[in-house]
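Trainee: got a sequence here, can you model it:
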Amino acid sequence: MADSVWIPSAVALTASPSRHSGVVRITHWLTTLCFLALLLTGVEILLSHPRFYWGEAGSVNTAPLFKLPLPSSRATVPTGYGYVLHDQNGWSRYLHFQAAWAAVLTGLFYVISGVLSGHFRRNLLRDGPYDTLQRLTYLGVIFGLFPLVIWTGLAMSPAIASAFPFAVSVLGGQQSARTIHFFVSVLLVLFLVVHVVMVYVHGFRSRMRGMITGEQI
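Mentor: As a prediction, this is how the structure comes out:
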């Protein structure tokens, strides 16, 4: 009698689906690490020239579209501050490039897996665990902001501009791509902040446990 009660309960417990699959959890944390590296290095790259332009070219001798009230790590950039920050542009550009490719590969793996496994159809296109606003936000970030930030980042590369000039010209030029890249990055940071706040509001420990171990909440 006891066994007949205990066995179905154990089977039901072991058969209960995870809140997040292993692929979702792994790609989530890899993307988090990449994003933090991109954010840190992106700020450092920004400080080398905190001025933005529109079109193909822009320099200290060109009137900016707008400029950020930040000091610069280069003495040739006029900022109004009486000092120059230590230049960390070399390692930051290298790490930014590496983290960007790691994020791209992780994102491709996530998207391909999500399509093949039915994750997007089940959780983001139908009445899954998220409400309508959440689903639209996640879809917009995954299929809108992420591709755009990658595209504009690549468009700033001279090699890409030479090999695929249309990919740059359709954005308005390399400086336009840099400006768009900045605004998309700001939107991604805002998404991250709201995401963390929502996790905290709905139970930080349980949500973190679900994303680390996959346990149902």
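Trainee: what are the boundaries of the helices in this structure?
Mentor: 2-15, 22-48, 89-117, 119, 132-140, 146-155, 158-163, 165-169, 174-201, 204-213 (DSSP state H).
Trainee: and the residue nearest to Tyr83 when sequence neighbours are not counted, what does it touch?
Mentor: In space, and not counting its chain neighbours, Tyr83 is closest to Pro71: 6.5 Å by C-beta to C-beta, 6 or more residues apart in numbering. (Each C-beta comes from the backbone N, C-alpha and C, glycine too.) By C-beta atoms under 8 Å, 6 or more residues apart in numbering, the residues touching Pro71 are Leu47, Thr79, Tyr81, Tyr83, Val84, Leu85.
Trainee: do that again at 7 Å, thanks
Mentor: Residues counted as contacts of Pro71 (C-beta atoms under 7 Å, 6 or more residues apart in numbering) are Thr79, Tyr81, Tyr83, Leu85.
Trainee: with neighbour count and distance to His202 added, can I get those in TSV?
Mentor: Shown next, in TSV, are these (neighbours: other C-beta atoms under 10 Å; distance: C-beta to C-beta, whole Å):
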residue	neighbour count	distance to His202
Thr79	20	42
Tyr81	11	42
Tyr83	8	44
Leu85	15	39
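Trainee: and which of the residues you listed is nearest Tyr130?
Mentor: Nearest to Tyr130 among the contacts of Pro71, counting by C-beta to C-beta, is Leu85 at 41.6 Å.
Trainee: with adjacent residues omitted, what lies nearest to that closest one?
Mentor: Closest to Leu85 by C-beta to C-beta, 6+ apart is Ser73, at 4.2 Å.
Trainee: how much space is there between that neighbour and Arg126?
Mentor: 49 Å (C-beta to C-beta, to the nearest Å).
Trainee: so for these two, which sits in the more crowded spot?
Mentor: Legend: neighbour count by other C-beta atoms under 10 Å for Ser73 and Arg126, higher for Ser73 (20 against 10).
Trainee: pLDDT below threshold where in this structure?
Mentor: 1-19, 127-129, 214, 216-217 (pLDDT under 70).
Trainee: hang on, isn't the residue nearest to Leu85 packed against Asp87?
Mentor: Yes - with contact defined as C-beta atoms under 7 Å, Ser73 reaches Asp87; the gap is 4.4 Å.
Trainee: pick out the residue nearest the middle of this structure.
Mentor: Nearest to the mean C-alpha position of the chain, by C-alpha atoms, centre = their mean, lies Phe35 at 5.2 Å.
Trainee: in contact with that residue, which residues?
Mentor: Applying C-beta under 7 Å, 6+ apart, the residues near Phe35 are Ala103, Leu192.
Trainee: roughly how far does it sit from Leu105?
Mentor: With distances taken as C-beta to C-beta, Phe35 is found 14 Å from Leu105.
Trainee: now swap in Pro71 and tell me
Mentor: Counting by C-beta to C-beta, the gap from Pro71 to Leu105 is 35 Å.
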